[in-house]
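[1] what's the 3D shape of this:
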Amino acid sequence: MSETVNTVHSRTAEAIEAARAAGRTALIGYLPAGYPTVEDSIEAAVALGNNGADVIEIGIPYSDPVMDGPVIQAATSQVLADGFRIDSVFDIVKAVSARTDAVVLVMTYWNIVDRMGVDTFARRLSEAGGAGIITPDLVPEEAGDWFEASDRYGLDRVFLTAPSSTDERIKLVVGSSRGFVYGVSVMGVTGARTEVSSAAEQVVARAHAAGAPRVAVGLGISRPEHIREIGRYADGAIVGTALVSALRDGGPAAVGTLTAELASGAVRDGADA
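    Numbers count the residues shown, from 1 in each chain. Got it, this is the predicted structure:
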């Protein structure tokens, strides 16, 4: 597997490295597919990509999200109640990829991929222009089909590590990920917070020590100063709830405004750092 992994070009890694070369912390933004409508979700993601986001996460609505906080749960519940179809995800990815230079990933609970068929999902995502999948509830030990499909279609695979992860778990996650490692900064669900968890720096340091070239921090990031703080030790900052709240309250234009504000915090002091 390692030989194949090393020969697959990672568009996500390329985007994060380009941000680093420009003296910035990579800005990664999450929005739910189909919220509040499919068209609005496309326009919001385009606004995200065109106002400073390097990577866009399109989240697939799921009926039992173990990681999502109340804001994202409310949004995805509305989408599901409105009859959202999984096929729409590929249309959204294709539309956003065509209108922004940001790399587009899908974030999904694994049951959705498994139900469609891992190879079929991977093929359709690749054809739509997607760069890979973030899988919050899939562990590497159970990801054999995904390893094969992601290598076959040149897709990135992003696994998560948390404050509770053992050294062995971190090493496995680092070795299995391509693009970046998702560092969960707090134990719990998503949601905007007033300050970033003190555990975030340790989560990143442990992943870097295990060999991860790129680690992005998620959960609780909502302000430019959070991103500025995270940029001292992480390669990317992931924002979700704050963007979903902006979309809920002000539509796609508000997402663009907030993204530009967040991007101001991604500029690092001393661009040669």
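[2] point out where the stretch 101-250 of the chain drops to low pLDDT.
    Scanning the stretch 101-250 of the chain for pLDDT under 70 picks out 186-197.
[3] how far away is the closest residue to E141 other than its chain neighbours from D249?
    Ranked by CB to CB, 6 or more residues apart in numbering and with sequence neighbours excluded, the top spatial neighbour of E141 is L172, at 7.7 Å. From N, CA and C alone the C-beta is placed, and that goes for glycine too. Distance, L172 to D249, by CB to CB, to the nearest Å: 40 Å.
[4] for R20, same thing?
    Taking CB to CB, one finds R20 at 33 Å from D249.
[5] neighbour count winner among the two?
    R20 (17 against 8; other CB atoms under 10 Å).
[6] check contacts around the more buried one.
    The neighbours of R20, taking CB atoms under 8 Å, 6 or more residues apart in numbering as the test, are 26, 235.
[7] secondary structure element for it, which one?
    In the assignment (DSSP states H and E), R20 maps to helix 11-21.
[8] and the longest helix along the chain, what other elements does it pack with?
    Secondary structure of the chain per DSSP state H: the longest helix is helix 241-264. Applying 3 or more CB pairs under 8 Å, 6 or more residues apart in numbering; DSSP states H and E, we find helix 241-264 packed against strand 26-32, helix 38-49, helix 70-81, helix 224-230.
[9] now it: buried residues?
    241-248, 252, 254-256, 258-259, 261-263 (16 or more other CB atoms under 10 Å).
[10] repeat that for stretch 73-89.
    Neighbour-count burial for stretch 73-89 [16+ other CB under 10 Å]: 73, 75-79, 84, 86, 88-89.
[11] lowest mean pLDDT across the helices and strands packed on helix 241-264, which one is that?
    Note on the helices and strands packed on helix 241-264: helix 70-81 shows the lowest mean pLDDT, a mean of 89.
[12] pull the distance from that one to the chain's centre.
    18 Å (CA atoms, centre = their mean, to the nearest Å).
[13] CA atoms only: put it into PDB for me.
    Provided in PDB are the C-alpha atoms of helix 70-81 (Å, rounded to 0.1, in the frame of the first residue of the first chain):
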ATOM      1  CA  PRO A  70     -26.500  21.800  17.500                       C
ATOM      2  CA  VAL A  71     -26.100  24.400  14.700                       C
ATOM      3  CA  ILE A  72     -24.900  21.900  12.200                       C
ATOM      4  CA  GLN A  73     -27.400  19.300  13.400                       C
ATOM      5  CA  ALA A  74     -30.200  21.800  12.900                       C
ATOM      6  CA  ALA A  75     -29.000  22.600   9.400                       C
ATOM      7  CA  THR A  76     -28.600  19.000   8.300                       C
ATOM      8  CA  SER A  77     -31.900  18.000   9.900                       C
ATOM      9  CA  GLN A  78     -33.600  20.600   7.800                       C
ATOM     10  CA  VAL A  79     -31.900  19.400   4.600                       C
ATOM     11  CA  LEU A  80     -33.000  15.800   5.300                       C
ATOM     12  CA  ALA A  81     -36.500  16.800   6.100                       C
END
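[14] ends of stretch 208-223, what's the gap?
    This stretch, stretch 208-223, spans 24 Å end to end (CA to CA, to the nearest Å).
[15] going forward, the N-terminal residue is numbered 41.
    In the new numbering, first residue 41, that becomes stretch 248-263.
[16] return the distance of it from the chain's centre.
    Here the centre of stretch 248-263 is set off from its chain's centre by 11 Å, with CA atoms, centre = their mean.
[17] in it, what counts as buried?
    Result for stretch 248-263 [16+ other CB under 10 Å]: buried residues 248, 250, 252, 254-263.
[18] show me the two of these that sit farthest apart.
    A250 and R263 (29.0 Å; CB to CB).
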